[in-house]
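**Student:** Make a model of this:
(one chain, ligands or ions: 2)
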Amino acid sequence: MPGNIKQLHEQIKAGNFLALARGITIVENELNGYESLLLGLHESRHAKVIGITGPPGAGKSTLVNALLRHWLKENKKIAVLAVDPSSPFNYGALLGDRIRMSDFYTNPNIFIRSLATRGALGGLNAKIIEITDVVKDAGFDIVLVETVGVGQSEVEIAGLADCTVVTLVPEAGDEVQTIKAGIMEIANIFVVNKAERPDAEGLYRNLRILAHEKANGADETPVIKTIATQDDGVAELANAIIKFLDGQKDMPEKRLHLMTDKCWHLIQAHKMKGIDAKRLRKELANAINKESFNLYAFVQGFLNQQ
Ligand SMILES: Nc1nc2c(ncn2[C@@H]2O[C@H](COP(=O)(O)OP(=O)(O)O)[C@@H](O)[C@H]2O)c(=O)[nH]1
Ligand SMILES: [Mg+2]
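**Tutor:** Ligands and ions are numbered 1, 2, ... in the order given. Next up is the predicted model:
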């Protein structure tokens, strides 16, 4: 590994947040040395990744802040990765309510980073796996990843996280039909946030019924009511998360699925290396007008020249 990257990695492992921020930027943007950095990681298995997902406005950021405050009291070292296009910078503001900003920025136990989403509709950051791996090397107890629940990102977060918390709110509707089928597979814990609202009870009851049906005699997925803005139910949620993590013996099976997918893409990217798009276009322009042109034979010929 190049000397400067090796030094950066040492600093990351020593808990230097500036180095960690730099490492994330290098990996996120594929800057010089990013492959060396990734190849040198020893990814601590100590750090547990907790995914907090759910629709926009459900109160995910508020919950993350409440969990942060809860675990800070227990001296836990926590990283937050916020992949949320709607409220990327609200952490400082929310934390600022109860912890002075200056304290928060110098707090050696919290690292917070907002990340861009892959598409306009949200979804995880394209480099979320790499970024999480870098963060895991920095000696955190907990890595909280906030993501907006939109289709594929929910599947990804379930593969990435050791525990996935699905946050719902009453206005999501208390009808069983409105709860997407896939969400039962993904959630390790359900949160009914904004529980002070009268219609929260219906959603809560329906989730309990679904959890009961799914469990079929085994442990039921916990459903926890919270009022994140008042810290209500937050200690209970934190305990449920820790209990779930403690009881987890095997790696989540969705991890293998996600990692297979990731390997596939890395191999694809690796194979595409050295393919010169300009030359491809030029050669295609020459070939395409010929009577005998066959796209597939052209591709084979092009690859054979490499
Ligand atoms: N009434 C009520 N409002 C809440 C609660 N939790 C969060 N909010 C508010 O809901 C809005 C969206 O919260 P936010 O955490 O940004 O949601 P996110 O988009 O899921 O991250 C904010 O105005 C919060 O103050 C709650 O338990 N009750
Ligand atoms: Mg948010």
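
**Student:** quick one: average pLDDT of stretch 60-76?
**Tutor:** What stretch 60-76 shows for mean pLDDT is 91.

**Student:** Whichever helix or strand residue 279 is part of packs against which elements?
**Tutor:** Secondary-structure element containing residue 279, defined by DSSP states H and E: helix 277-287. On a contact count with 3 or more Cβ pairs under 8 Å, 6 or more residues apart in numbering; DSSP states H and E, helix 277-287 meets helix 295-305. Glycine gets a C-beta too; all of them are placed from N, C-alpha and C.

**Student:** hmm, who's touching the helix holding residue 279?
**Tutor:** 293, 298, 302 (Cβ atoms under 8 Å, 6 or more residues apart in numbering).

**Student:** How far off centre is that helix?
**Tutor:** How far helix 277-287 lies from its chain's middle: 39 Å, per Cα atoms, centre = their mean, to the nearest Å.

**Student:** Which of the contacts of helix 277-287 are buried, as a ChimeraX select command?
**Tutor:** Buried residues among the contacts of helix 277-287 (16 or more other Cβ atoms under 10 Å), as a ChimeraX selection:
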select :298,302
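
**Student:** Please list the residues of this structure that sit near ligand 1.
**Tutor:** 54, 56-62, 84, 86-87, 193-194, 196, 227-229 (Cβ under 6 Å from any ligand atom).

**Student:** quick revisit: what inclination does the helix holding residue 279 have with respect to helix 295-305?
**Tutor:** 130 degrees (axes from the mean of the first three to the mean of the last three Cα atoms, to 10 degrees).

**Student:** All the helices of the stretch 1-150 of the chain, residue numbers only.
**Tutor:** Assigned by DSSP state H, counting those that start in this stretch, the stretch 1-150 of the chain shows helices spanning 3-13, 17-28, 34-39, 60-73, 90-96, 101-106, 128-136.

**Student:** Including distance to ligand 2 and mean neighbour count, could these go into CSV?
**Tutor:** Below are those laid out as CSV (distance: least, Cβ to the ion, whole Å; neighbours: other Cβ atoms under 10 Å):
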stretch, distance to ligand 2, mean neighbour count
helix 3-13, 26, 16
helix 17-28, 19, 19
helix 34-39, 28, 17
helix 60-73, 3, 22
helix 90-96, 7, 17
helix 101-106, 17, 12
helix 128-136, 16, 22
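
**Student:** List just the one of those that sits closest to residue 168.
**Tutor:** helix 60-73 (10.5 Å; Cβ to Cβ).

**Student:** For the helix or strand encompassing residue 263, name the packing helices and strands.
**Tutor:** According to DSSP H and E, residue 263 maps onto helix 253-272. When contacts are defined as 3+ Cβ pairs under 8 Å, 6+ apart, helix 253-272 sits against helix 152-160.

**Student:** what's residue 186 in contact with, if anything?
**Tutor:** With Cβ under 8 Å, 6+ apart, residue 186 has these contacts: 53, 154, 155, 157, 158, 164, 166, 254.

**Student:** can you check residue 253 too?
**Tutor:** By Cβ under 8 Å, 6+ apart, residue 253 has no neighbours at all.
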